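Participant: need a 3D model of the following:
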Amino acid sequence: MRDVLFCLRRLFAIAWTIDRRRFVIGATLLLLGAIATPVVGLGAGRVVDGVNDGDPSTAAVWGVALAVALAGELMLAHFAHLYYFELAELTEEQLNRDLVRLVNGSTYLDRSDDPAHADRVDLLRQDVLQMRETIQSGLQLGATAVGVVLTAAVLVTLSPWFLLLIVAAVVPVVAGKRAEATFQVTREAQSTTTRAVRHLRRLATSPASQKEIRLSGGGDYLLGRQQDLLGVYQSAMARADRRYALQRGVGQFTFGLAYVGAVLWAFELVRQGRASAGDVVLTVVLATQLATQMATGVELLGTVHRAAAGLRRFSAFAAEQLADLVPVGGLSSAGSAGSAGGGLRLEGLTFRYPGAAADTLHGIDLDLPGGTSVAVVGENGAGKSTLLKVLTGLYAPTHGRVVVGGTDLATVAPTAWRERTAALYQDFARVELALRESVGLGHLPTGFDDGAVGSALERARAGGLASQIGLDGVLGNGYADGRDLSGGQWQTIGLARTLMRPDPLLLVLDEPGSALDALAEQRLVDAYQATAKEVAATVGGVTVFVTHRLSTVQLADRIVVLDEGRVVEHGSHAELLASGGRYAQLWELQARAYAR
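Facilitator: Numbers count the residues shown, from 1 in each chain. So this is what the prediction gives:
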């Protein structure tokens, strides 16, 4: 019951804040409907007594009361729904906004990149979807509770023994709570399976993957895999459903026995002359109503209890996200990180993902002078992308430090440092908004100014695309008037968004051309190199890029070679070739492949 009260307090507080007028009117109408329910029983009993006693006026008065109560019982809940339904929608939307803020509100992204974290967020999305129903169920549960109390109070006036009926009514509540707890354990255990099923569904239906699946003939295989996973999920949930139904059934059966006993006792009271015929009708009607109220209450209680588990997960997630926030008090702004020309220095830099058994980066020491361009190379899994995320402040070093212009980044507010960085990652966002917005999001302080957006598009070699679409043209096929783009075009839009930052101390390009042909990637790198020179000349910033195509690497002033999270060598292209080390081996392998 503590979880239920926690859930109702939390949701009602949100609803009250959002629109107290709708909340009060909806709750009041439901409450009046709940009061009408026992009045129906009273009215039916008194009408029977009036007729039996030959008192038509009394029968008529109670008949009118019965009619009004019946009308209220049938109609008030409908009118209440008009108020609390929209309120429930607003509450759900508020929780969705809160979840978005939480997911995007942590200081660093190392937890967000963990698949287990993705499972939790996915489960929270499902929990939030239930909150609309829970607001409605919570209000109805409150009205039902009032109805149960009033119904029970009337029954007790006939005989104290009817208290046993009320006690028996608690059994389904307890059984329902235990059943719900067991069900929740199974549901949480299956979150990984449901995520895999959704992934396969997206894969089989997404336009982006349809071409490959059709050509490979892999549709049936994906359906088979999905069916296998659904079988695992359905088998686990079927067992949970059976346990759930059995536990609840035992509780309902206990109440059913008590109900039959109450009706038999009412007839015994009549036989003893301690009750009238109207009291028998009253008992039968109210006992029936009590059974219905308790069945409804247990169902509503299950809904609220299930939502309580979701809200507790939500609260725990919020607490963890807030705990991960780095307090900004006492931290300096990015502007205090020395002059831009000071460059970046990595001292004993080590990083390990939360929960991982080993480090991903191991004691990296590097000096990246201001105004230089740096290429980072290495095989897949060498730690290149992780290193870039540490440099851009998306990950905090586990050990060691990053120094910018003589200032330790640990003493600089992370958000302030990110404002002085610009990056285009290989998994860049395809922002399906107007072209002006899709690019302008790269630097919100500039707004969506024509000049700033146009300049970024020109520097990204996307001026022709902008002329075709127009700055207010909508991107993406999710809109009726949207313009779908090729992979290379989306890439240039992403680069333009990156180039919106006017004075980055760090500019990063993380293999964005991995899905492009060599010519398209070269155009992208040319645009990036031009920007790198501009950054070096204007603010003395450092530019870092990662690519598997070593033909573009030789353009960098310095090359850093990573292997299993360690820097195995660094220097210029000529120096590394002359040393005959790991870089020279990689260069020879690619040169041999192109020569064939």
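
Participant: give me the low-pLDDT residue ranges for the stretch 201-350 of the chain?
Facilitator: Regions of the stretch 201-350 of the chain meeting the criterion pLDDT under 70 cover residues 211, 324-342.

Participant: tell me where it has helices.
Facilitator: With DSSP state H, counting those that start in this stretch, the ranges of helices along the stretch 201-350 of the chain come out as 207-216, 219-271, 277-324.

Participant: and what of the stretch 1-150 of the chain?
Facilitator: Ranges of helices in the stretch 1-150 of the chain, per DSSP H, counting those that start in this stretch, are 2-18, 20-52, 56-103, 115-158.

Participant: L311 contacts L5, correct?
Facilitator: No. At 11.5 Å, L311 and L5 do not qualify as touching, with contact defined as Cβ atoms under 8 Å. Quick note: C-beta positions are derived from backbone N, CA and C, even for glycine.

Participant: these two: who's more crowded?
Facilitator: L311 (24 against 11; other Cβ atoms under 10 Å).

Participant: from G138, how far off is that one?
Facilitator: Using Cβ to Cβ, to the nearest Å, L311 is found at 11 Å from G138.

Participant: which stretch among the helices of the stretch 201-350 of the chain comes nearest E93?
Facilitator: Nearest to E93, of all the helices of the stretch 201-350 of the chain, is helix 277-324, at 14.7 Å by Cβ to Cβ.

Participant: let me have the helices of the stretch 201-350 of the chain in JSON lines, adding distance to L507 as columns.
Facilitator: Rendered in JSON lines, the data for the helices of the stretch 201-350 of the chain read as follows (distance: least, Cβ to Cβ, whole Å):
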{"stretch": "helix 207-216", "distance to L507": "29"}
{"stretch": "helix 219-271", "distance to L507": "40"}
{"stretch": "helix 277-324", "distance to L507": "27"}
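
Participant: for A462, which of those helices is the nearest?
Facilitator: Of all the helices of the stretch 201-350 of the chain, it is helix 207-216 that lies closest to A462, at 21.4 Å by Cβ to Cβ.

Participant: list the buried ones in the closest one?
Facilitator: I213 (16 or more other Cβ atoms under 10 Å).

Participant: give the other helices and strands that that helix contacts.
Facilitator: Counting by 3 or more Cβ pairs under 8 Å, 6 or more residues apart in numbering; DSSP states H and E, the packing neighbours recorded for helix 207-216 are helix 191-205.

Participant: which stretches of the stretch 451-596 of the chain have low pLDDT?
Facilitator: Residues of the stretch 451-596 of the chain meeting the criterion pLDDT under 70: 478, 480, 512-525, 528, 592-596.

Participant: re the thing from before, just name the most buried of the helices of the stretch 201-350 of the chain.
Facilitator: The highest mean neighbour count among the helices of the stretch 201-350 of the chain belongs to helix 277-324 (a mean of 19), with neighbours defined as mean count of other Cβ atoms under 10 Å.

Participant: okay, the angle between that one and helix 219-271?
Facilitator: Angle, helix 277-324 to helix 219-271, by axes from the mean of the first three to the mean of the last three Cα atoms, to 10 degrees: 140 degrees.

Participant: counting contacts, what elements does helix 277-324 pack onto?
Facilitator: The criterion is 3+ Cβ pairs under 8 Å, 6+ apart, and the helices and strands that helix 277-324 contacts are helix 2-18, helix 20-52, helix 56-103, helix 115-158, helix 163-189, helix 219-271.

Participant: can you tell me what sits against stretch 355-367?
Facilitator: Counting by Cβ atoms under 8 Å, 6 or more residues apart in numbering, stretch 355-367 makes contact with 114, 116, 343-353, 383, 386-387, 390, 398-400, 560, 564-567, 570, all of which sit outside it.

Participant: could you redo the last one with a cut-off of 6 Å?
Facilitator: Contacts of stretch 355-367 with the rest of the structure, by Cβ atoms under 6 Å, 6 or more residues apart in numbering, involve 345-346, 348-352, 383, 386, 565-567.

Participant: and the average pLDDT for stretch 130-138 is what?
Facilitator: Confidence over stretch 130-138 (mean pLDDT, whole number) is 82.

Participant: need the three-state assignment for E569.
Facilitator: Going by DSSP: H, G, I helix; E, B strand; the rest coil, the secondary structure assigned to E569 is strand.

Participant: how close does it sit to A556?
Facilitator: 14 Å.

Participant: counting neighbours, go ahead and name the busier of those two.
Facilitator: Between E569 and A556, counted using other Cβ under 10 Å, A556 has the larger neighbour count: 22 against 16.

Participant: grab the nearest non-local neighbour of the more buried one.
Facilitator: Residue nearest to A556 in three dimensions, not counting chain neighbours: A375, with 3.7 Å by Cβ to Cβ, 6 or more residues apart in numbering.

Participant: who touches the helix or strand harbouring that neighbour?
Facilitator: Assignment of secondary structure by DSSP states H and E places A375 within strand 373-377. The contact list for strand 373-377 (Cβ under 6 Å, 6+ apart) reads 368, 384, 532, 543-546, 553, 556-561.

Participant: just to revisit the earlier point, beta partners for the residue nearest to A556?
Facilitator: The bridge-partner assignment for A375, based on DSSP bridges, gives F545, I559.

Participant: that one - how many residues pack around it?
Facilitator: Each residue near A375 was counted by other Cβ under 10 Å, and the total is 23.

Participant: equivalent analysis for N104, please.
Facilitator: Taking other Cβ under 10 Å as the neighbour definition, N104 ends up with a count of 10.

Participant: gap between it and G442?
Facilitator: Taken as Cβ to Cβ, the spacing of N104 relative to G442 amounts to 16 Å.

Participant: before we move on, what about W417?
Facilitator: In this view, W417 and G442 are 16 Å apart by Cβ to Cβ.

Participant: returning to what we had before: which single one of the contacts of strand 373-377 is nearest to R9?
Facilitator: For the contacts of strand 373-377, the residue nearest R9 by Cβ to Cβ is K384; the value is 48.8 Å.

Participant: which residues does that closest one contact?
Facilitator: Contact criterion Cβ under 6 Å, 6+ apart gives 376, 378, 546, 562 as the residues in contact with K384.

Participant: again, but for L457
Facilitator: The neighbourhood of L457, defined by Cβ under 6 Å, 6+ apart, consists of 463, 466, 496.

Participant: let's have those residues in TSV, adding neighbour count.
Facilitator: Below are these laid out as TSV (neighbours: other Cβ atoms under 10 Å):
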residue	neighbour count
G463	15
A466	22
A496	29
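
Participant: which of these sits closest to G217?
Facilitator: When those are compared against G217 (criterion: Cβ to Cβ), the nearest one is A496, at 38.7 Å.

Participant: you'd agree the closest one is in a strand?
Facilitator: No. Secondary structure assignment (three-state DSSP) places A496 in helix, not in a strand.

Participant: need the contact list for it.
Facilitator: When contacts are counted by Cβ under 6 Å, 6+ apart, A496 is found next to 439, 456-457, 460, 462.

Participant: and for E92?
Facilitator: The neighbours of E92, taking Cβ under 6 Å, 6+ apart as the test, are 131-132.

Participant: gap between it and L8?
Facilitator: 16 Å.

Participant: one more: S191?
Facilitator: Following Cβ to Cβ, the distance that separates S191 from L8 is 25 Å.

Participant: so if I had to pick from those two, which one is more boxed in?
Facilitator: Ranked by neighbour count (other Cβ under 10 Å), S191 and L8 place L8 first, with 21 against 16.

Participant: need the per-residue pLDDT for the more buried one.
Facilitator: Each residue has a pLDDT score; the one for L8 is 84.

Participant: surely it meets S137?
Facilitator: No. Applying Cβ atoms under 6 Å, one finds L8 not in contact with S137, separated by 9.6 Å.

Participant: done for today, thanks.
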